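Engineer: Below are the sequence and a predicted model for it; my questions follow.
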Amino acid sequence: MKRAMRLALFQPDQAGNVGAILRTCACFGVPVDVILPCGFAWSDRGLKRAGMDYAERATVTAHADWAAFIAQAPGRLVLLTTKGGVRFDEAQFRPGDILLMGSESAGVPDPVHARADLRVRIPQAAGTRSLNIAVAAGIALAESLRQTNGWPK
């Protein structure tokens, strides 16, 4: 049986972005892992407003910390990072990959970066710093689902 693609958020700090990601993942049928702590209360109004009623349809697992998450992580960790050595459009995604995204303000710490099995970046125009995390999640999910034939039926 083919394992599902997953999206993991490492200590996100913007409720609106997480809400938008939950909505995207609910629409794509992609489970979400949230690695705590977050920079906002999980019940934050901004989270609910951005996710609308889709946030309730998302399959979400919250993990107390990085150690708790990694102890049960079922697939290859693919970190989306501006420091990635592989362009995401040249990466080979696999069913069961866990797309890992860092917090909006700090990314991920070095030990998390080092633990990733693959580090990919979304190409950007010179002089730009980074994409919004919700936009990057949508771009990366679309490509990984396309490559693995993982789109909802």
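Structural biologist: Structure received.
Engineer: Look at the closest residue to residue 55 other than its chain neighbours and give its secondary structure.
Structural biologist: Residue nearest to residue 55 in three dimensions, not counting chain neighbours: residue 22, with 4.4 Å by CB to CB, 6 or more residues apart in numbering. Any C-beta I mention is one placed from the backbone N, CA and C, and that applies to glycine too. Here residue 22 is recorded as helix under DSSP: H, G, I helix; E, B strand; the rest coil.
Engineer: now residue 22: how far from residue 128?
Structural biologist: 26 Å (CB to CB, to the nearest Å).
Engineer: can you check residue 98 too?
Structural biologist: Plainly put, residue 98 is 26 Å away from residue 128 if you go by CB to CB.
Engineer: So for these two, which sits in the more crowded spot?
Structural biologist: Neighbours per residue (other CB atoms under 10 Å) separate residue 98 from residue 128, with residue 98 holding more: 22 against 8.
Engineer: Contact partners for residue 116?
Structural biologist: Applying CB atoms under 8 Å, 6 or more residues apart in numbering, we find residue 116 in contact with 77, 78, 79, 100.
Engineer: what separates the third one from residue 130, distance-wise?
Structural biologist: Read that as residue 79. Relative to residue 130, and taking CB to CB, residue 79 is found at 14 Å.
Engineer: Which of the two has more residues huddled nearby?
Structural biologist: Using other CB under 10 Å, the more surrounded residue of residue 79 and residue 130 is residue 79, with 25 against 14.
Engineer: quick one: secondary structure of the more buried one?
Structural biologist: Classified using three-state DSSP, residue 79 is strand.
Engineer: which stretches of the chain have low pLDDT?
Structural biologist: Residues of the chain meeting the criterion pLDDT under 70: 1-2, 43-52.
Engineer: Of the contacts of residue 116, just say which sits nearest to residue 38.
Structural biologist: Taking CB to CB as the measure, residue 38 lies nearest residue 100 of these, at 15.4 Å.
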